[in-house]
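Novice: Return a 3D structure for these sequence lines:
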Amino acid sequence: MRIASLVPSATEMLLAIGLGDSVVAVTHECDYPPEAASLPQLTRTVVPAGLGAREIDQAVKRIVADGMRLYELDSERLAVLAPELIVAQQICEVCAVSYEDVLDLAARIPSRPRVLSQDPSRLSDLLDDVTRLGEAAGVAADASLLRRRLEERLARVADAVAGRDRRRVLALEWLDPPFAAGQWVPEMVEAAGGVDVIGTAAEKSSEQSWEQLAAAGAEDVVVMPCGYHAEEALREASEHLGELRGLGAERAWAVDAASSFSRPGPRLLDGVELLAHLLHPGAVAAPQGIGFSRLALG
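Specialist: Sure thing, here's the model as predicted:
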């Protein structure tokens with residue numbers, strides 16, 4: 001089967017299931033596993049490069065308010081590649097190509113591909129997406145094996161943190177302006193032995209004031225700017241260290257959000273394990289290959 005992935009998390013999932021040879025095209029943001037970056041790319045963003053966090057936020061809000069698309073899709077290239085299955089999403093208008101545009105194009109290109117939308121808002125939805133993707137691609141048994149491995153990792157973390165005091169956690173998805181993370185992140189915090197003081201599972205991230213964040217009484221702050229890798233997150237956190245210190249937390253970290261928190265793919269389990277290590281370091285080891293830094297609050 002020929003598959004086009006228009007979502008980075010779906011690309012990771014496809015290759016984790018073992019469908020690398022079937023993926024004929026991906027997005028400009030698909031960088032994991034490394035071999036994904038060498039595949040034909042079908043998208044580009046209209047947000048200019050080199051903007052700061054506040055400029056990115058303002059640009060996205062302006063583009064959306066004007067009714068414009070944040071991503072452009074190379075429809076001619078997609079038609080030539082003739083996929084049988086396109087994996088897309090419709091839950092986040094700032095995360096991927098417009099789902100309506102994908103449906104319209106799929107109905108017009110000669111291969112008439114099926115469009116599968118992955119729209120998780122909880123950890124359980126991620127697991128269900130593994131199953132659905134495997135079934136759509138004709139490899140249900142391989143997908144079942146991946147799902148079982150992910151469930152086993154969740155269970156091991158749950159056993160490791162069972163009975164420990166739950167830390168009060170503030171997960172920040174953006175800093176300028178500040179956004180408290182939502183969707184699957186509060187469940188990740190819970191699975192790791194914490195309690196999210198602001199975010200609500202299956203709800204979108206919410207813009208907050210620094211005063212509102214301080215009033216939440218977090219013991220631990222995890223800075224996870226959407227789409228930022230570890231070094232970028234640390235740089236962003238360092239630029240807002242004064243505000244972060246004003247939250248009154250005992251500990252704070254900058255983490256690799258792009259790898260382990262922003263994308264609802266298999267590596268969310270790395271994020272759960274990392275959170276469990278940060279909150280309960282004696283119970284859970286840090287996952288390999290996932291960057292993070294502790295911030296100096298004192």
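
Novice: any idea how far residue 173 is from residue 262?
Specialist: Applying Cβ to Cβ, to the nearest Å, one obtains 8 Å for the distance of residue 173 from residue 262. Yep, even glycine has a C-beta here, placed from its N, CA and C like the rest.

Novice: what do these two both touch?
Specialist: With contacts defined as Cβ atoms under 8 Å, 6 or more residues apart in numbering, the residues adjacent to both residue 173 and residue 262 are 224, 226.

Novice: low-confidence ranges in the stretch 1-150 of the chain?
Specialist: Per-residue confidence for the stretch 1-150 of the chain (pLDDT under 70) gives these ranges: 93-95.

Novice: all strands for it, in order.
Specialist: The residue ranges that make up the strands of the stretch 1-150 of the chain, judged by DSSP state E, counting those that start in this stretch, are 3-5, 23-25, 43-45, 71-73, 85-88, 114-117.

Novice: Would you mind putting these into JSON lines with distance to residue 205 and mean neighbour count alongside?
Specialist: Compiled in JSON lines, these are given as follows (distance: least, Cβ to Cβ, whole Å; neighbours: other Cβ atoms under 10 Å):
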{"stretch": "strand 3-5", "distance to residue 205": "24", "mean neighbour count": "29"}
{"stretch": "strand 23-25", "distance to residue 205": "29", "mean neighbour count": "23"}
{"stretch": "strand 43-45", "distance to residue 205": "19", "mean neighbour count": "17"}
{"stretch": "strand 71-73", "distance to residue 205": "19", "mean neighbour count": "19"}
{"stretch": "strand 85-88", "distance to residue 205": "21", "mean neighbour count": "26"}
{"stretch": "strand 114-117", "distance to residue 205": "20", "mean neighbour count": "18"}
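
Novice: For the ones you listed, give me CSV that also has distance to residue 296.
Specialist: Listed next are those as CSV, based on distance: least, Cβ to Cβ, whole Å:
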stretch, distance to residue 296
strand 3-5, 40
strand 23-25, 42
strand 43-45, 34
strand 71-73, 37
strand 85-88, 42
strand 114-117, 43
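
Novice: Which of those sits closest to residue 62?
Specialist: strand 43-45 (14.0 Å; Cβ to Cβ).
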